Every structure is written in C-alpha cells, then in structure tokens.
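K.L.:
3D model of this:
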Amino acid sequence: MQIKGIVKIDNRTKNLVKRLQPGDIAVINHRELDKVAAQSLIDTKVKAVINVVPSLGEDYPNLGPLTLLEAGIPLIDDAGTELLNKLTEGEKVELIDGDIYAGGRLVGSGLLLDKSYVLQKMEESKNNINNTLAKFVQNTLDYAQNEIDLICKELPIPNINTVFKNRHTLIVVRGHNYKEDLMAIKSYIDEVKPVLIGVDGGADALLEFGYTPDIIIGDMDSISDSTLKCGAELIVHGYPDGRAPGLERIKKLGLKAKVFAARGTSEDIAMLLAYEKGTDLIVAVGTHSNMLEFLEKGRKGMASTFLVRLKVGSILVDAKGVNKLYKSPMKAKYLAQVVLAALVPLAVVMVIAPPTRELLRLLFIQFRIFLGI
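P.N.:
A predicted model of the protein is given here:
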C-alpha cells in the first residue's frame with residue numbers, strides 16, 4: 001500500500017470529522033474504535049486512517065476496524081501517541097504499508113490491518129465476553145442504586161414551549177444504523193407528525209432527512225453550528241450540581257438555551273422529558289440499548305438507561321433495526337393473504353365502532369411501514 005495525502009489530527013474523533021475533507025488522511029486517538037465513529041470517518045470520504053492507539057478491543061468484538069476495512073479504507077493501527085506531536089495539521093504525508101513519512105523522513109510506524117487479522121482478533125475477544133458481561137451487569141446494578149433518583153424523585157425539568165400532550169415523540173440519536181431506520185419510518189413521520197427531538201448529532205440527522213427538530217438536547221459537543229441555529233428549542237444536559245459546559249458554546253453562538261441537570265445520558269433525559277410532558281408514545285431511533293453499544297461508548301454499565309426504560313417502557317417503541325424487516329422481498333400471494341386478513345376484521349370494526357377510526361388510521365400507517373411503502 002502506498003498513499004499520499006493531507007493529514008488532519010485530533011484526539012477526539014467527533015471533532016475531527018467536522019474538519020475532514022474527501023481525500024484527507026485522518027489521525028485519531030480512539031482506543032477500541034466503535035462502529036459509529038468508523039462510519040462518521042467513512043462519511044467524510046477519507047483516504048486512510050491512522051490510529052495512534054489499538055483499534056481492537058480484548059474484552060468484546062468492537063466493530064469499528066472491520067467497518068472501515070469493509071468500506072475500503074486502510075487502517076494503520078497502534079502507531080504510538082508520540083506521532084500526534086510529530087505531525088502537523090495540514091502537512092502532506094506518505095503511507096507505505098505501515099510506515100508513515102512526512103517531509104521524506106520516517107516519523108512513525110504501525111500495523112496495517114487486514115480483514116482476516118481483524119476477524120481473528122474479534123473471534124478471540126469473544127472468549128472474554130462472559131466475564132465482560134458479568135462485570136457490565138454488576139456495574140449496572142451498583143450504579144443503579146446511586147442513580148435511582150433519576151426516576152424516583154421529581155426532576156428539575158425546564159419549562160419549554162413545545163407541546164407534547166396528545167402527540168407522539170420521535171427521539172433520534174446518531175447510533176447504529178440510524179439512517180436506515182429513519183428512512184424505514186419516514187412515512188410514519190410524515191403522517192403522524194410527532195414531536196421531533198434530536199439528541200446532539202441526532203439533530204443533524206433529522207435535518208439531513210428534511211425535518212427540522214422541535215427540540216435539540218445534549219452536551220452540544222457533536223452537532224453543527226448551523227443545526228443549532230435551525231430554530232429548535234435548545235436544552236443543555238447539565239450535571240446534577242448544575243454545571244453545564246455545553247452552555248458556553250450556545251452563548252458564543254448568540255443563542256439561548258435551558259439547562260436540564262440530571263444524571264444519565266442525554267438520550268435518557270430526552271425520554272424523561274417527553275414522558276413527563278405527557279407524550280402518548282415515544283419512538284426511539286439510534287438509541288443505545290445493549291452491552292456492546294455501551295462498551296463502544298466507553299461506558300462500563302447502563303444504569304441510567306436501564307432505570308429510564310423501566311419508567312417509560314409502557315409507551316416506548318424502539319425502532320432500532322426496523323430497516324432489516326424489509327431486506328427480504330415478500331411474495332405476492334403472501335402479501336395478498338396479509339392484506340385480506342387485515343382488511344376483513346378492520347372493516348367490521350369500522351362499521352361497529354366508528355370512534356376507533358383514529359386507531360385504525362395508526363394501524364394502517366404501521367402496516368405501510370411494515371411493507372416499506
């Protein structure tokens with residue numbers, strides 16, 4: 001492998017992707033590279049990625065390295081943190097296999113990963129998954145005792161203008177396959193018109209699909225300036241002691257925001273906000289709900305999410321993976337049988353109980369989502 005390009009450098013991948021241009025070489029400091037971060041690098045159309053720390057984990061099979069390689073992007077791994085000081089943002093470098101040259105001199109070396117090696121290491125890490133799971137569950141239970149106030153005590157929920165009563169709420173987080181899942185429920189969004197909440201970068205995702213969020217909530221560290229200025233109500237996730245570092249960025253942009261000080265993740269408090277404001281249904285896209293996703297985010301437990309989902313579970317619909325329902329084509333005769341079986345009882349109910357027409361309309365929308373039309 002021999003590649004030349006301009007390097008862009010940052011210790012935080014989420015900040016780096018904002019500056020990357022097609023054809024750049026990304027230099028990251030991202031231990032156990034996760035799939036979402038890898039996809040964000042792919043979306044910028046980088047030519048190659050250099051990680052100064054190990055990209056592969058030993059405790060669980062993280063998907064980031066494999067995601068990059070399957071997209072055809074070379075990954076030089078574990079090149080050493082000293083490389084961050086040897087390279088200058090914007091300078092031209094040359095990569096020859098795992099060696100890194102700047103100004104004609106060798107400045108660092110790493111392991112050029114290939115797919116077979118990555119798959120082997122991922123398989124090896126599965127041997128540790130039981131121990132990892134045991135620790136994860138224990139951490140979740142331990143922290144749940146400390147975070148029980150999140151659902152048992154009255155929270156200082158800010159006063160907002162958006163009305164939730166008698167409406168559905170769609171909460172979008174930039175998690176695994178969020179784009180595919182958003183596309184799969186587009187007809188639902190267009191017809192039901194739920195309250196739209198973007199959690200940090202999830203607000204960018206909504207705008208990508210042509211929707212303006214009603215509310216943006218989060219730390220405000222992984223969202224574009226233009227999206228923050230879209231007119232949505234802004235809620236900064238603060239610490240329980242009232243500190244809210246994200247508020248400084250909002251003020252610098254000349255915008256106003258309210259602070260929601262609470263434990264847990266930003267997606268947790270987005271759900272609590274909708275729930276406490278009286279929404280009829282919460283539909284979640286891209287949220288984190290299992291051990292691997294939390295480990296990829298660097299969290300060793302999911303106490304707050306576990307507690308919040310216990311509280312709001314009766315009205316929560318998780319749209320994660322819904323796009324996979326449409327992967328296999330449905331045969332015409334099966335489709336006809338499904339349609340016939342659905343229409344007969346629905347017609348009877350419509351005649352007998354006219355007040356159920358609104359319910360039937362929602363069922364019809366869900367039927368269309370199932371068919372992908």
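K.L.:
Need the phi and psi values for K4.
P.N.:
phi -120, psi 150 (degrees, to the nearest 10).
K.L.:
For it, name its beta-bridge partners.
P.N.:
E94 (DSSP bridges).
K.L.:
right, and it touches V93 too?
P.N.:
Yes: applying CB atoms under 8 Å, one finds K4 in contact with V93, separated by 7.2 Å. Every residue, glycine included, has its C-beta placed from N, CA and C.
K.L.:
if you count what's nearby, which of these two comes out ahead?
P.N.:
For K4 versus V93, neighbours defined as other CB atoms under 10 Å are more numerous around V93 (21 against 14).
K.L.:
ok, that one to L68 distance?
P.N.:
For V93, the distance to L68 equals 18 Å [CB to CB, to the nearest Å].
K.L.:
Hmm, F260 is touching A270, no?
P.N.:
No: if you go by CB under 8 Å, F260 and A270 don't touch, sitting 9.0 Å apart.
K.L.:
Spit out the residues that contact the two alike.
P.N.:
By the contact definition CB atoms under 8 Å, 6 or more residues apart in numbering, F260 and A270 are jointly contacted by I217.
K.L.:
out of the two, which sits in the busier spot?
P.N.:
A270 (30 against 22).
K.L.:
so which strand or helix has the more buried one?
P.N.:
Taking DSSP states H and E as the criterion, A270 maps to helix 266-276.
K.L.:
Check what contacts that helix and list those residues.
P.N.:
150-151, 155, 157, 160, 164, 169, 171, 173, 195, 197, 199-200, 215, 217-219, 235, 237, 260, 262, 282, 284, 287-288, 304-305, 308-309, 311-312, 315-316.
K.L.:
Mind checking what helix or strand follows it in sequence?
P.N.:
strand 281-285.
K.L.:
List the pairing partners of that following strand within its sheet, with orientation.
P.N.:
Counting by DSSP bridges, the strands paired with strand 281-285 are strand 168-173 (parallel), strand 316-318 (parallel).
K.L.:
quick one, the first one and helix 266-276 angle?
P.N.:
With axes from the mean of the first three to the mean of the last three CA atoms, to 10 degrees as the basis, strand 168-173 and helix 266-276 are set at 170 degrees to each other.
K.L.:
Strand 168-173: how far from the chain's middle?
P.N.:
Put simply, strand 168-173 sits 12 Å off its chain's centre (CA atoms, centre = their mean, to the nearest Å).
K.L.:
Just the pLDDT for A262.
P.N.:
Note on A262: pLDDT of 85.
K.L.:
sorry, back to before: could you say which of the strands paired with strand 281-285 is packed most deeply?
P.N.:
Mean neighbour count (mean count of other CB atoms under 10 Å) peaks for strand 168-173 among those, with a mean of 27.
K.L.:
CA atoms only for the very next helix or strand once past that strand, dumped as CSV, please.
P.N.:
Using DSSP H and E, the helix or strand that directly follows strand 168-173 along the chain is helix 178-184. C-alpha atoms of helix 178-184 as CSV (Å, rounded to 0.1, in the frame of the first residue of the first chain):
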residue,chain,number,x,y,z
TYR,A,178,-29.8,5.4,12.5
LYS,A,179,-30.0,6.5,8.8
GLU,A,180,-31.5,3.2,7.6
ASP,A,181,-34.0,3.2,10.5
LEU,A,182,-35.0,6.8,9.9
MET,A,183,-35.7,6.0,6.2
ALA,A,184,-37.8,3.0,7.2
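K.L.:
Who are the packing partners of helix 178-184?
P.N.:
If contacts are counted by 3 or more CB pairs under 8 Å, 6 or more residues apart in numbering; DSSP states H and E, helix 178-184 sits against helix 201-208, strand 281-285.
K.L.:
so what are the domain limits for this protein?
P.N.:
Under the assignment automatic domain parsing, the domains of the chain span 2-124, 147-324, 328-371.
K.L.:
Is it possible to get CSV of those that adds distance to V137?
P.N.:
Below are the domains of the chain laid out as CSV (distance: least, CB to CB, whole Å):
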stretch, distance to V137
domain 2-124, 14
domain 147-324, 8
domain 328-371, 34
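K.L.:
If I average pLDDT within each of these, which one is lowest?
P.N.:
It's domain 328-371: among these, that one has the lowest mean pLDDT, namely a mean of 56.
K.L.:
Could you find the closest non-adjacent residue to T212?
P.N.:
Nearest non-adjacent residue to T212, counting by CB to CB, 6 or more residues apart in numbering: C230, 5.6 Å away.
K.L.:
and if you look at R174?
P.N.:
Nearest non-adjacent residue to R174, counting by CB to CB, 6+ apart: G201, 3.9 Å away.
K.L.:
so I160 touches L234, yeah?
P.N.:
No: judged on CB under 8 Å, I160 makes no contact with L234 at a distance of 9.9 Å.
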